[in-house]
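Engineer: Any chance you could fold what I've pasted below:
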Amino acid sequence: MEQIFLHQFDVLLELRHFLSIVLACLCGWAIGYERKSRNKQAGVKTHVIVALASALMMIVSKEAFWETPDAADTTRIAAQIVSGISFIGGGIIYMRDMRVSGVTTAAGLWATSGIGMAIGGGFWFFGSVCCAVVVIVQLLTHRKLSVHRKMYQLNITGMISHLNVIHDIHRHCNLKQYQAANVEVKKIPEGYELYIQIDNDARVFVQDFKKTIQEKGIDFKIKKVKFKATMG
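Structural biologist: Down below sits the predicted model:
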């Protein structure tokens, strides 16, 4: 009878841990989706992994050493989560156009880690509420700050003869205050095909980009241009 009870207890405990991981992933997805929709450095995958890992390590710190409570300090695992997430956040913050960028995304990752820890620690409701607060705050404050600033995305595909042109493109983007979010290069028989995704506000037009390419003498032959409005 005792063995049956222990078996049922183990099954329920494993189910609780599984649900904790699932809930943490959902919270990470919600925060990451909001960041990804604004073309930020850390998106859905990063936030989901951070939330999952934080919840998992919190569960391990609670359950793995319960038979030997005096042999290890279980709080050290949770403390290392906070230290470890700092390295990821630090890699997201950088200077762009003489401005510090990525602070909000880094703080969101830090908050996501805390939410994962709370859920892994058994505070499901508390973690879910904090997740909702993070998403709502970022949505409301961003909308208020960007109500008069319509954002656009410029997708340019072209040909280059050598890879050094990429450096000229990056330098041009910085000088003209474009924000190059993504640059991809593919080798083809004629040389290299370059794909550039640029984000900026409504004051930037593709004609200005073409004109500057010609003025600077940059060896970049534009083949296709897409210009569309995005979320601000």
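Engineer: From the chain's centroid, how far away is stretch 111-128?
Structural biologist: Distance of stretch 111-128 from its chain centroid, counting by CA atoms, centre = their mean, to the nearest Å, is 19 Å.
Engineer: and it, which residues are buried?
Structural biologist: Of all the residues in stretch 111-128, those buried under the rule 16 or more other CB atoms under 10 Å are 111-121, 123-124, 127-128. For every residue, glycine as well, the C-beta is placed using N, CA and C.
Engineer: and of those, the nearest to Glu14?
Structural biologist: Gly120 (13.9 Å; CB to CB).
Engineer: Verify the stated contact: that closest one with Phe18.
Structural biologist: No - using CB atoms under 8 Å as the test, Gly120 is too far from Phe18 to be in contact (11.7 Å).
Engineer: Looking at the buried residues of stretch 111-128, which gets the smallest pLDDT?
Structural biologist: Across these, the bottom pLDDT score, 89, is held by Gly121.
Engineer: what phi and what psi does the backbone show at that residue?
Structural biologist: Phi and psi for Gly121, reported as degrees, to the nearest 10, are phi -80, psi 0.
Engineer: element containing the nearest residue to it once chain neighbours are set aside, please.
Structural biologist: Distance criterion CB to CB, 6 or more residues apart in numbering; nearest residue to Gly121, sequence neighbours excluded, is Met58 at 5.1 Å. Element membership for Met58, per DSSP states H and E: helix 44-63.
Engineer: so is Leu109 in a helix, a strand, or just coil?
Structural biologist: helix (DSSP: H, G, I helix; E, B strand; the rest coil).
Engineer: which ones are touching it?
Structural biologist: Counting by CB atoms under 8 Å, 6 or more residues apart in numbering, Leu109 makes contact with Ala42, Thr46, His47, Val50, Ile85, Ile88, Gly89, Ile92.
Engineer: Let's see that with 10 Å instead.
Structural biologist: 28, 31-32, 35, 41-42, 46-47, 50-51, 85-86, 88-89, 91-92, 102 (CB atoms under 10 Å, 6 or more residues apart in numbering).
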